[in-house]
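Participant: Show me the folded form of this:
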Amino acid sequence: MERRRNDALVQWMSEFKMTTREFVDALNDFIRELTGRQGLITERTVHKWRSGETRWPQSVQRTALQAVTGRAPTELGFVVPDRRTARSKEAPSVHRRRFLATTAGGALAAATPAGAARSRVGMSDVQRLTAKLSAVVASDDRHGGTETVETRAGQLARQTLALQQRGTATSRVRSHLYSLAAAFTSSAMWAAIDGHRLTAAQQHMQQAVTLAGLSADPAIQFRVWGHAGALYRHLGRYTDALAADDAARSTSIFRRDPLYASLAHARTAVHHGDLRDHDAVRRSLRNAQDALTRADPDAPRPPWMRFYDQAELELLALIAHSALGGWAESEAHAHHNLALLRPDLLRNRSLTLAHLARAQLEQGELEVAVDSAGRIPRDAWRGRTGGLVRVFTARLVDLAPDEPMTRAWADHAREKGTHT
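Facilitator: Residues are numbered from 1 along each chain as shown. Predicted structure coming up:
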C-alpha cells in the first residue's frame, strides 16, 4: 500500500502546539495508569504514525490516543486495515501473535480484565496526579490561557477518569480521583476563559460541574463555581455570574476557611462592578479584606489556591473599580499589586500592567500610560491581556488622535500584533 503522510495527526499536534516528546509522555503516562506498566511509545513510533509508515497503531496505543486527544483513531487519520487481505499474506505464527496482542489490547481498551488483572488504585496514584495538577497550575500562572495548557489539563482529566473506571479503589480514593478530574477540567475551563475561547470553556464547565458534584469535595465545588462566574462575566451574563458566586458561597469550605471566603467576596465585588453597584463593590471588598486578615496562610490547601493572597485581592479590586470607572482607585490597586506580586505569576503581572495603562490613560497621563503598556511582554499579547491592550490602543486613538505618541504606539502595536 502506498505510504501517505498522516496529515490529520500532524494537524492535531500543530493545532494544540504539542511537541513529539510531550505527545509521547502523555501517551505513555496514560498507558501506565491503564495497565500499571510504563508505555513503550517512542518518538520514533510517533514519526512512523505521522509519516504514514504505521497506518493502524496497536490496540492499547489506540486507546491511549483517544484518551489523550479526545478523538477516535480514524479521526486522527489512521486507517483500519483490511483484515482479509492482511491475513492472506501472513504466516500462521503471525496470526497467533496478532490474536494474542489483540486479545490483550482489547481487554485493556475495554478495561474489564478479570480477577487479578484489574489494578488497584491508591493514594500513591492520587499523589502522583496531584503533582501533575500542580504543574498545570504553575504553567497557567506563567503563560496564561494557552491552548497547550488547556489541552494538557483536558488530557489529564481523561486519564484520571480512565484510572477511575479501570481500577478498584476505596470510596475515599474515588472521591479524590473525581476531585482531581474536576480540578483538571476546571483548569482547562480557566485556560479557555483566559484565552477567550468561550465555547470550549462552556463545554469544560458542564463536565466540571458534574465531576465536582461526584467528588463531594466542597473545595473543588468552590473552584468550579468561581470559574463559572468568570465565564458568565466574559459572556456578559452578569446576574448569572452573581448566581455562581452565591453557589460558591454556599459551600462548606467558604464557611470553614476565611481564605476561600475572601476570594469569593473579591470575585463578587468584580461582578457587582459590572452592574455599576458602587455600594456593593465597596462592601464586598471590605468583607474580602476582613476575611483575608483572618486567614491562616500556612493551612493545607490544594495547589490551585496558592495564587490567592493580598496581591490577588488588589488585582480583583483593581478590576472592580475599573468596571465602575474609578480610575484613580484602580491605579492605586495596580501599584499595590505590582509591589506584592510573586515573581512566578507572570500572566497576572501582564494583566495588571494592562489595567494600569488604561487607568492612567483615562486620567490623562498619556506618557506614563504608554510606558506601562510597553512593559507588557510580547508573548503576553493574547487572550484577556491582548484584549485589554486592544482596548487601550483604541482609547488612546480616541482620546489623543493627533499626538505623536499615539501614532508611535499604534505603529508599535501593529508591529507586535496581538494574539486572540
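
Participant: The nearest residue to R62 once chain neighbours are set aside: what's it in contact with?
Facilitator: Excluding the flanking residues, the one nearest R62 by CB to CB, 6 or more residues apart in numbering is P73, at 4.7 Å. Yep, even glycine has a C-beta here, placed from its N, CA and C like the rest. Contact partners of P73, counting by CB atoms under 8 Å, 6 or more residues apart in numbering, are 56-57, 62, 65-66.

Participant: what is the mean pLDDT for the helix ranked longest in the chain?
Facilitator: Using DSSP state H to define each element, the chain has its longest helix at helix 171-194. Helix 171-194 carries an average pLDDT of 94.

Participant: Now the following helix or strand past that helix - C-alpha only, CSV.
Facilitator: Counting by DSSP states H and E, the next helix or strand C-terminal to helix 171-194 is helix 198-215. Listed next in CSV are the C-alpha coordinates belonging to helix 198-215 (Å, rounded to 0.1, in the frame of the first residue of the first chain):
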residue,chain,number,x,y,z
LEU,A,198,-15.6,30.7,25.4
THR,A,199,-17.4,28.0,23.5
ALA,A,200,-14.8,25.5,24.7
ALA,A,201,-15.0,26.9,28.2
GLN,A,202,-18.7,26.3,28.4
GLN,A,203,-18.1,22.7,27.4
HIS,A,204,-15.5,22.3,30.1
MET,A,205,-17.8,23.9,32.6
GLN,A,206,-20.6,21.3,32.1
GLN,A,207,-18.2,18.5,32.7
ALA,A,208,-16.5,20.2,35.7
VAL,A,209,-19.8,20.8,37.5
THR,A,210,-20.7,17.1,37.1
LEU,A,211,-17.4,15.9,38.3
ALA,A,212,-17.3,18.3,41.3
GLY,A,213,-20.7,17.0,42.3
LEU,A,214,-19.5,13.4,42.2
SER,A,215,-16.4,14.2,44.2
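
Participant: counting contacts, what elements does the next helix or strand after helix 198-215 pack onto?
Facilitator: Sequence order places helix 218-234 as the next helix or strand after helix 198-215, per DSSP H and E. Using 3 or more CB pairs under 8 Å, 6 or more residues apart in numbering; DSSP states H and E as the contact criterion, the secondary-structure elements in contact with helix 218-234 are helix 171-194, helix 198-215, helix 238-249, helix 252-256, helix 258-274.

Participant: R349: which of these is closest?
Facilitator: Within the helices and strands packed on helix 218-234, the stretch nearest R349 is helix 171-194; the backing value is 14.1 Å (CB to CB).

Participant: out of the contacts of P73, who has the most neighbours?
Facilitator: Ranked by neighbour count (other CB atoms under 10 Å), these have L65 at the top, with 25 neighbours.

Participant: Could you give the secondary structure assignment for it?
Facilitator: helix (DSSP: H, G, I helix; E, B strand; the rest coil).

Participant: Could you check how far D298 is from R306?
Facilitator: According to CB to CB, to the nearest Å, D298 and R306 sit 12 Å apart.

Participant: Helix or strand next in line after the worst-scoring helix or strand of the chain on mean pLDDT, which one?
Facilitator: Per-element confidence for the chain was summarised using mean pLDDT, DSSP states H and E. The lowest value among helices and strands belongs to helix 92-110, with a mean of 38. From helix 92-110 onward toward the C-terminus, using DSSP H and E, the following helix or strand is strand 119-120.

Participant: So between D298 and R306, which is more surrounded?
Facilitator: Between D298 and R306, counted using other CB under 10 Å, R306 has the larger neighbour count: 15 against 6.

Participant: The more buried one and L345, how far apart?
Facilitator: The spacing between R306 and L345, counted by CB to CB, is 10 Å.

Participant: now swap in E362 and tell me
Facilitator: In this structure, E362 lies at 25 Å from L345, with CB to CB as the measure.

Participant: again, but for Q363
Facilitator: Where L345 is concerned, Q363 sits at a distance of 26 Å (CB to CB).
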